[in-house]
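K.L.:
For reference, the sequence and a predicted model appear below.
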Amino acid sequence: MLILDQSKENLSGKIKDYPSSKDIVLHYTTPFHHQSNGRVERYNRTLQDLIYKNKEDKFLYNKVKRTVEVYNMSFHTGLQMTPNEAMLDENRMRVKEIQFDNIIRFNKSNERKSNEHTFIKNDIVLVKEEVNLKKGSPKFRDRGKVTQCLDNNSYMIQINGKEYKRHASQLKLIVDEIILKPEGC
């Protein structure tokens, strides 16, 4: 299985055709949702920063190659070793133990979080604009309608006749009409 976000590059015909010809299943995560894409986004950002800092190599190919080498030789707290060490057969069981411990720790810290859906079908919502924003200034502009509830508190939202996948953290419920209870009830 290959997990991708829904960027334009990943939705191209070439990206979709190649894996299917090799019996690779594609799974698309909710776009702009760092909880789903956090690790790979962090990896991409780290590589990008290292590439920009590399002033010695003139060619992008050399910069990328050197960056990956440096990354794979760097100690990773989550692995408790370097990625190069993690790939060695003698460390295979230790890596599995570390992953298991991390899963247990993560599950314990999240066991009280609810998996219930925040929205229901036909709810009218405002959708957070994720592109071209400064950090700390979210804008909820587009008005949409929940058409389907998906796994992991994600939803299909219809905006101007088109469907988009969004996470609950990217949505706000619109209450068009508030019905007040009479006093004394």
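P.N.:
It's in. Given the structure is predicted, the values throughout are model-derived calculations rather than measurements. Numbers count the residues shown, from 1 in each chain.

K.L.:
what about the residue most central in space within the chain, which SS state?
P.N.:
Geometric centre of the chain, nearest residue: N37, 2.2 Å, by C-alpha atoms, centre = their mean. Secondary structure, DSSP: H, G, I helix; E, B strand; the rest coil: N37 is helix.

K.L.:
show me the contacts for it.
P.N.:
Listed by C-beta atoms under 8 Å, 6 or more residues apart in numbering, the contact partners of N37 are D5, T29. Any C-beta I mention is one placed from the backbone N, CA and C, and that applies to glycine too.

K.L.:
gap between it and L4?
P.N.:
9 Å (C-beta to C-beta, to the nearest Å).

K.L.:
which regions of the protein sit below the pLDDT cut-off?
P.N.:
31-36, 106-117, 131-138, 175-185 (pLDDT under 70).

K.L.:
make it 80
P.N.:
Low-confidence segments of the chain (pLDDT under 80): 1-11, 14-15, 27-44, 102-117, 129-140, 152, 175-185.

K.L.:
SS state for T30?
P.N.:
With three-state DSSP as the criterion, T30 reads coil.

K.L.:
Am I right that Y164 sits in a strand?
P.N.:
Yes: under three-state DSSP, Y164 sits within a strand.
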